[in-house]
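*Asks:* have a look at this prediction, sequence included:
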Amino acid sequence: MNDLHPLDSTRKLASDALERASSSMKDLRSGMSDRASAAQRYMGEYASVGKNYVSEHPLKSALIAAAVGAAVAGLVLAMRHRRDIQDRYF
């Protein structure tokens, strides 16, 4: 027969589940830390490459930035206009 009282059995099951959850959380934190470090490294590399490109091609970089800014502004204005039209009819 089982010598454990039902309450003791429940406590043991809860304790085991808590230990497994704790272990899983530690593994997740470790994995996230590794990914965060890798992302930070990649961003540093991209920033360095971008900085070098801008210093080597300042005019071209300014034109690209202006074109991207104009495209974003155009999208915002188009979405705003579309919303204004929808508001008029609904």
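*Replies:* Ah, there it is.

*Asks:* now G69: how far from L63?
*Replies:* Distance, G69 to L63, using C-beta to C-beta, to the nearest Å: 11 Å. Heads up, the C-betas are built off the backbone N, CA and C, glycines and all.

*Asks:* again, but for A38
*Replies:* Counting by C-beta to C-beta - A38 and L63 are separated by 33 Å.

*Asks:* do the same with S9
*Replies:* Counting by C-beta to C-beta, the gap between S9 and L63 amounts to 73 Å.

*Asks:* so where's this structure uncertain?
*Replies:* By pLDDT under 70, the weakly predicted segments of the chain are 1-4, 89-90.

*Asks:* now do the strands in it.
*Replies:* Secondary structure of the chain by DSSP state E: no strands are present.

*Asks:* what's the neighbour count on R80?
*Replies:* 10 (other C-beta atoms under 10 Å).

*Asks:* phi, psi of H57?
*Replies:* Listed backbone geometry of H57 is phi -130, psi 70, with angles given as degrees, to the nearest 10.

*Asks:* count of residues packed around it?
*Replies:* 12.

*Asks:* quickly list the domain ranges of this protein.
*Replies:* With domains defined by automatic domain parsing, the chain comprises 1-56, 58-90.

*Asks:* alpha carbons only: can I get stretch 83-90 in PDB?
*Replies:* Included here for stretch 83-90 are C-alpha records, laid out as PDB according to Å, rounded to 0.1, in the frame of the first residue of the first chain:
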ATOM      1  CA  ARG A  83      -9.200  57.100 -43.400                       C
ATOM      2  CA  ASP A  84     -10.700  60.500 -44.000                       C
ATOM      3  CA  ILE A  85     -12.700  59.100 -46.900                       C
ATOM      4  CA  GLN A  86     -13.900  56.200 -44.800                       C
ATOM      5  CA  ASP A  87     -14.900  58.500 -42.000                       C
ATOM      6  CA  ARG A  88     -17.000  60.600 -44.400                       C
ATOM      7  CA  TYR A  89     -19.100  57.600 -45.500                       C
ATOM      8  CA  PHE A  90     -19.400  55.600 -42.300                       C
END
